[in-house]
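Colleague: just the structure for this:
(chains A and B)
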Number of protein chains: 2
Amino acid sequence: MVRVAVDGMGGDHGPSVVVEGAVMAANDFEHLEIVLVGPQEILKAELNKHKVLGGKITLVEASEVIGMGESPVAALKKKKNSSIGVCVDLLEKKEVEAAVSAGNTGAMVAASTLMLGMLPGIKRPGIAITIPTMHGMCVTLDVGANLNPSAYELFQYAIMADVFAKNIIKKKRPSIGLLNIGEEESKGTDVLKGAYKLLRESSLNFIGNIEGRDFFTGKADCIICDGFVGNVCLKMIESVLETMISLIGRELRKNPISAIGAWFLKPALSNLRKDTNYEEAGGAPLLGVNGNVIISHGISSARAIRNAIRVAGELVTTQVNDQIVESITPYLSQSAANSVRNQPAE
Amino acid sequence: MVRVAVDGMGGDHGPSVVVEGAVMAANDFEHLEIVLVGPQEILKAELNKHKVLGGKITLVEASEVIGMGESPVAALKKKKNSSIGVCVDLLEKKEVEAAVSAGNTGAMVAASTLMLGMLPGIKRPGIAITIPTMHGMCVTLDVGANLNPSAYELFQYAIMADVFAKNIIKKKRPSIGLLNIGEEESKGTDVLKGAYKLLRESSLNFIGNIEGRDFFTGKADCIICDGFVGNVCLKMIESVLETMISLIGRELRKNPISAIGAWFLKPALSNLRKDTNYEEAGGAPLLGVNGNVIISHGISSARAIRNAIRVAGELVTTQVNDQIVESITPYLSQSAANSVRNQPAE
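Modeller: Residues are numbered from 1 along each chain as shown, chains lettered A, B, ... in the order given. Just a heads-up that it's a prediction; the model follows:
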């Protein structure tokens, strides 16, 4: 049995959706046991709406909730008994083996970093998202935890993404691309040039710099970038399909012949929407912290919560964190010489 | 008459496409006179393939070409008589009023910055691209000239984008959005927080932070960002439509009913391709340098070159640079206090 703590109050849709997702996971995955964290009365009332296979969901009290707009560190200090804080506390005490929240991302990152600490040798955590491309899934790291990483931290992200891609999206020898503004080694900031050099000299399957277009082409199995550009790209990708459907719809209204086409095209578009849906990936692991932590999208549906819990279980059973520590060990001496970050230009 | 120098050797498709575009511009726009720059024999041979209205295209010799992969500053030093260098030299000597190149972007930025200098008060140049959205065109600045701007430099980009949007895409009071990882003022790096403050206190129509998804929604008429994230997003946007068409095509092959739809949908998709085409915007002005400089996409078609020349003419006739100098003047005292850039985090 793998025990997974789930923040019952996280997400834009509130506890009803999270509890429904937890019930789906409990019933669908034999090896998972779910610990729902939050105000008992609210969660019990939600649980009573569903049928759960015997003993697979338990409750742990947490009386407070950190809002989506709250400042993460201040909120964690003020609300000692928040659902996010209690989830991570259970993980720290080893009462569960993984934790999932669709709540305030910053608070989940801060709680995990402060309470669990980092894996031995890892400098900073990163959020890894799995994105569908023309040629299968692609892991992008980081998408928002570290806005100004050093060259060495980017290199560590590559090592972590490699382990994650091998175990969770089942690529044998994942190709690693460094997101840049051109393919040549000389492109980009000093940080990127430093990361390029570390990657080239490593045993990873580094394919060089890649560009914005390669999020869709599937040129790399793993895209390594700072959390700022990763976050902007992720939000752009999330909006692409909806935008394209709206634009096509607008064209159709101009032309009745096209409108006939749209009717026939409906099944294809709905398949596409499913394929490019964040729901299937479910959640993004916070890699680098000393524990299995999954951050889910605020807009998560019940199905997305179910899949986030599934990925949490996979992190535990495949021992991704142990593999990360093993993979990073040969490179630990390179840290000091490669701590360059973006510096003032004048 | 407005005289525009055109780098006859720039672009992935070579002089035949550039010369064809120059001929189109010369014949389509009465007020433009075009100075084609490059090796005389090559350009003459290309010109002889076309009919040009009398006296509207002249040639200026430049015997060397800077390749797309060459290091910009080194290439400019070594090749004293490059087509890019001669174009900017003509501009500096006021023998032309604008210059256009689809060649090595870095070389064009370096030549313009070094030879023309900056507009009075402007710190750094930025490349402004015009992107189609759900609600009209949107100006994004910077997309690749300045990878690590200070807060004040981002603020100056907003002033330049505002002037450009008023004059070239004809928005009365353009809305300005700052690209960030969340809407709250507290989001992002210190550089972004500083830029937010400067923008809020200015007389610009600042609508706050915007996110990756807003490249498509048209929430802002101008998107202000550093050149790294701007460049990555631009390349992602360029690839979106092709990716969507491929994905839809793949779905269609799975399902014969959808395939009927695809046939009817063809006119809508081809309209869409036209609307989202870089060809119509033509080229991106390098704003902030003391001269009218347009950088065109390496893959520019003849039509894109024609439109880049058209935009060059518009920069001259609307006196965008004079307006930028006028707009920046009230804010010049804010420079020193706001020169924060991304700094080492430890």
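Colleague: list the beta-bridge partners for the most centrally placed residue in chain A.
Modeller: By Cα atoms, centre = their mean, chain A has its centre lying nearest to residue A:284, at 1.5 Å. Taking DSSP bridges as the rule, residue A:284 bridges to residue A:295.
Colleague: per-residue pLDDT, it?
Modeller: Looking at residue A:284, its pLDDT is 93.
Colleague: ok, so what distance separates it from residue A:79?
Modeller: 23 Å (Cβ to Cβ, to the nearest Å). The C-beta positions use only the backbone N, C-alpha and C, and glycine is treated the same way.
Colleague: and if you look at residue A:96?
Modeller: For residue A:96, the distance to residue A:79 (Cβ to Cβ) stands at 20 Å.
Colleague: which one's more surrounded, the two?
Modeller: residue A:96 (27 against 19; other Cβ atoms under 10 Å in any protein chain shown).
Colleague: secondary structure class for the more buried one?
Modeller: coil (DSSP: H, G, I helix; E, B strand; the rest coil).
Colleague: pretty sure it sits against residue A:3.
Modeller: Yes: judged on Cβ atoms under 8 Å, residue A:96 makes contact with residue A:3 at a distance of 4.4 Å.
Colleague: overlap of the contact sets of the two?
Modeller: Both residue A:96 and residue A:3 are contacted by residue A:35, under the criterion Cβ atoms under 8 Å, 6 or more residues apart in numbering or on different chains.
Colleague: low-confidence ranges, the stretch 101-250 of chain A, go.
Modeller: A:247-248 (pLDDT under 70).
Colleague: what does it put close to chain B?
Modeller: A:134, A:144, A:147-148, A:150, A:179, A:181, A:184, A:186, A:188-189, A:211-213, A:215-217, A:227-229, A:231-241, A:243-244, A:246-248 (Cβ under 8 Å from any Cβ of the partner chain).
Colleague: which of those residues are buried? Put it as a PyMOL command.
Modeller: Burial among those is assessed by 16 or more other Cβ atoms under 10 Å in any protein chain shown; the matching PyMOL selection reads:
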select buried, chain A and resi 144+147+148+150+179+181+188+189+211+212+213+215+216+217+227+228+229+231+232+233+234+235+236+237+238+239+240+241+243+244+247+248
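Colleague: before we move on, the earlier item: contact partners for the residue nearest to the centre of chain A?
Modeller: Residue A:284 neighbours (Cβ under 8 Å, 6+ apart): A:127, A:128, A:129, A:130, A:143, A:294, A:295, A:296.
Colleague: switch the cut-off to 7 Å
Modeller: A:127, A:128, A:129, A:143, A:294, A:295 (Cβ atoms under 7 Å, 6 or more residues apart in numbering or on different chains).
Colleague: which residues of chain A fall in helices?
Modeller: A:15-28, A:40-47, A:72-78, A:83-92, A:105-116, A:151-168, A:190-200, A:214-217, A:227-254, A:256-275, A:278-281, A:302-318, A:320-328 (DSSP state H).
Colleague: go through the ones you listed and name the closest to residue B:19.
Modeller: helix A:214-217 (32.3 Å; Cβ to Cβ).
Colleague: who touches that closest one?
Modeller: Under Cβ under 7 Å, 6+ apart, the answer for helix A:214-217 is A:131, A:133, A:134, A:177, A:220, A:223, A:233, A:237, B:236, B:239, B:243.
Colleague: any idea how far it is from the chain center?
Modeller: 18 Å (Cα atoms, centre = their mean, to the nearest Å).
Colleague: now swap in stretch A:226-234 and tell me
Modeller: 12 Å.
Colleague: what of stretch A:147-167?
Modeller: 13 Å.
Colleague: before we move on, what about stretch A:39-58?
Modeller: Worked out by Cα atoms, centre = their mean, stretch A:39-58 lies 26 Å from the chain centre.
Colleague: what's the span of that stretch, first residue to last?
Modeller: One end of stretch A:39-58 to the other measures 13 Å (Cα to Cα, to the nearest Å).
Colleague: that one: which residues count as buried?
Modeller: For stretch A:39-58, by 16+ other Cβ under 10 Å, it's A:39, A:42, A:43, A:46, A:47, A:56, A:57.
Colleague: do the same with stretch A:296-310
Modeller: In stretch A:296-310, counting by 16+ other Cβ under 10 Å, buried: A:296-297, A:300-310.
Colleague: same question for stretch A:57-75.
Modeller: A:57, A:59, A:60, A:62, A:64, A:65, A:66, A:68, A:70, A:71, A:72, A:75.
Colleague: picking that back up, hmm, which two among the buried residues of stretch A:39-58 are most spread apart?
Modeller: Farthest pair in those, by Cβ to Cβ: A:39 and A:56, 20.7 Å.
Colleague: isn't residue A:187 right up against residue A:209?
Modeller: Yes: Residue A:187 is within contact range of residue A:209, at 6.1 Å (criterion: Cβ atoms under 7 Å).
Colleague: what's the overlap in contacts for the two?
Modeller: Jointly contacting residue A:187 and residue A:209 under the rule Cβ under 7 Å, 6+ apart are residue A:180.
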